[in-house]
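K.L.:
output the structure for:
(2 chains)
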Amino acid sequence: DSGVTQTPKHLITATGQRVTLRCSPRSGDLSVYWYQQSLDQGLQFLIQYYNGEERAKGNILERFSAQQFPDLHSELNLSSLELGDSALYFCASSVTPGTSGAPFGPGELFFGEGSRLTVL
Amino acid sequence: AQKVTQAQTEISVVEKEDVTLDCVYETRDTTYYLFWYKQPPSGELVFLIRRNSFDEQNEISGRYSWNFQKSTSSFNFTITASQVVDSAVYFCALSARNSNYQLIWGAGTKLIIKP
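P.N.:
As a prediction, the model looks like this:
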């Protein structure tokens, strides 16, 4: 058990709909990362938050948004869903912000079990 | 540009055999970190190891060992005396200053250990 909790574990919805995925990081971790894992794209970094503020952005679509709340949990909102959005969405957390500044490199990431989204 | 290549898409071995998973990386940074993660059938990604670019010592942890060679830009992972529970997808990842230390992932190698 990594200590990172993601809900829901499975979600089936229709095209055009909107869903919200929730993540509770490990106790004490300030950084939250969102990843998308699909068969054809592999693991894709979406976005990172550190202590409530957006820290880094990856390949996140404009239809997707995220935020981190004062209690450090995070939500990933996916809207106008398309068939191609079907994937496993992971949340990960770490203590450090993991950004530039040697020796302040990245700590290990602790991943949740993922939320499997199926868009029909 | 940063890149991680795991050329082996899938490896299948019989239990108790040794197996090596290859990882080749590309970066122009002199400061970087390399990682291995395991994704068992349950789906959760599990951290295995982090190695920074200034430490080329190989590491052994039980049946797991890692061979970091800067000269060939490789960070290979060996499992000795493999067990069925080792069956998983293994990902190699790179984190470097020029990419703001975001993880760059390889495509993963699916390891199947047959009883």
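K.L.:
all contacts plus neighbour counts: C-alpha atoms, from now on.
P.N.:
Noted.
K.L.:
where does the prediction get shaky in chain A?
P.N.:
Within chain A, the stretches with pLDDT under 70 are A:96-107.
K.L.:
go ahead and flag the most central residue of it.
P.N.:
With distances taken as CA atoms, centre = their mean, A:Trp34 lies nearest the centre of chain A, 2.0 Å away.
K.L.:
so which residue of chain B comes closest to chain A?
P.N.:
Across chain B, the shortest distance to chain A (CA to the nearest CA) belongs to B:Glu44, at 4.4 Å.
K.L.:
how much space between the nearest residue to A:Val95 once chain neighbours are set aside and chain B?
P.N.:
Leaving aside its chain neighbours, A:Val95 sits nearest to A:Asp29 (4.2 Å; criterion: CA to CA, 6 or more residues apart in numbering or on different chains). According to CA to the nearest CA, to the nearest Å, A:Asp29 stands 16 Å off from chain B.
K.L.:
so how far is A:Ala87 from A:Asp29?
P.N.:
Remark: distance between A:Asp29 and A:Ala87 (CA to CA, to the nearest Å) = 25 Å.
K.L.:
check A:Glu75 too.
P.N.:
A:Glu75 is 16 Å from A:Ala87, by CA to CA.
K.L.:
neighbouring strands - and their directions - for the helix or strand of chain B with the lowest mean pLDDT?
P.N.:
In chain B, no helix or strand scores lower on mean pLDDT, DSSP states H and E than strand B:59-61, which sits at a mean of 86. According to DSSP bridges, strand B:59-61 forms sheet pairs with strand B:64-69 (antiparallel).
K.L.:
restricting to C-alpha, output the partner strand in PDB.
P.N.:
Only the C-alpha atoms of strand B:64-69 are listed here, as PDB (Å, rounded to 0.1, in the frame of the first residue of the first chain):
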ATOM      1  CA  TYR B  64      17.500  -7.500  -7.800                       C
ATOM      2  CA  SER B  65      20.600  -5.700  -9.200                       C
ATOM      3  CA  TRP B  66      21.100  -2.700 -11.300                       C
ATOM      4  CA  ASN B  67      24.000  -2.000 -13.600                       C
ATOM      5  CA  PHE B  68      24.500   1.700 -14.400                       C
ATOM      6  CA  GLN B  69      27.000   2.500 -17.200                       C
END
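K.L.:
helix, strand, or coil at the residue nearest to A:Val95?
P.N.:
Judged by DSSP: H, G, I helix; E, B strand; the rest coil, the three-state class of A:Asp29 is coil.
K.L.:
run a quick neighbour tally on it.
P.N.:
Counted with other CA atoms under 10 Å in any protein chain shown, residues neighbouring A:Asp29 total 20.
K.L.:
touching, it and A:Glu108? I think so.
P.N.:
No: using CA atoms under 8 Å as the test, A:Asp29 is too far from A:Glu108 to be in contact (11.2 Å).
K.L.:
tell me the buried residues in stretch A:32-50?
P.N.:
Buried residues in stretch A:32-50, defined by neighbour count with 16 or more other CA atoms under 10 Å in any protein chain shown: A:32-37, A:43-50.
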